[in-house]
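Engineer: below is the structure, and that's it, no one-letter string:
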């Protein structure tokens, strides 16, 4: 079964259905949930710095055995990091916690504050 996707302006395709990790604690629960979601066929995993579970999301993806290009990963920058230098550090921090070399989509969590610097 092929998962439905949306084609973006640049030609990339994003899975239309994703698994969100909001409010799943980083006590092993996130890792288990993401592993089960990937086993069930989800190929889009959504997390955020403010969820405090990026490390478990990354561990689950790594342990899934799926190639990185088979899993679309979205994360989000929290508004305290919207100043330009802080934004650069936040991106690196998310990548480190996730254990990934890139994110497929990185969003500004809330359009408030120094949005132009973060962008």
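Structural biologist: Good, I have the coordinates. Only a predicted model underlies this, so the values are computations on that prediction, with no experimental measurement involved. Residues are numbered from 1 along each chain as shown.
Engineer: which SSE is the closest residue in space to residue 35 that isn't next to it in sequence in?
Structural biologist: Once flanking residues are discounted, residue 35 sits nearest to residue 60: 4.5 Å by C-beta to C-beta, 6 or more residues apart in numbering. In this view, the C-beta of every residue, glycine as well, is placed from N, C-alpha and C. Using DSSP states H and E, residue 60 sits in helix 54-63.
Engineer: in this structure, which helix is the longest?
Structural biologist: helix 84-98 (DSSP state H).
Engineer: how far does the following helix or strand past that one sit from its chain's centre?
Structural biologist: The element immediately downstream of helix 84-98 (helix or strand, assigned by DSSP H and E) is strand 105-108. Here strand 105-108 is found 8 Å from its chain centre; the criterion is C-alpha atoms, centre = their mean, to the nearest Å.
Engineer: can you check stretch 26-37 too?
Structural biologist: 14 Å.
Engineer: could you list the buried residues of it?
Structural biologist: By 16 or more other C-beta atoms under 10 Å, the buried positions in stretch 26-37 come out as 26, 30-31, 33-35, 37.
Engineer: what do you get for stretch 89-109?
Structural biologist: Under 16+ other C-beta under 10 Å, the buried positions of stretch 89-109 are 90-91, 94-95, 97-98, 100, 103-104, 106, 108-109.
Engineer: which residues sit against that stretch?
Structural biologist: Residues from elsewhere that reach stretch 89-109 (C-beta atoms under 8 Å, 6 or more residues apart in numbering): 12, 14, 47-50, 54-55, 57-59, 61-62, 68, 72-79, 81-82, 115, 118-119.
Engineer: buried ones only from those residues, please, as a PyMOL command.
Structural biologist: Buried residues among the contacts of stretch 89-109 (16+ other C-beta under 10 Å), as a PyMOL selection:
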select buried, resi 47+48+49+50+54+55+57+58+59+61+72+73+74+75+76+77+78+79+81+82+118
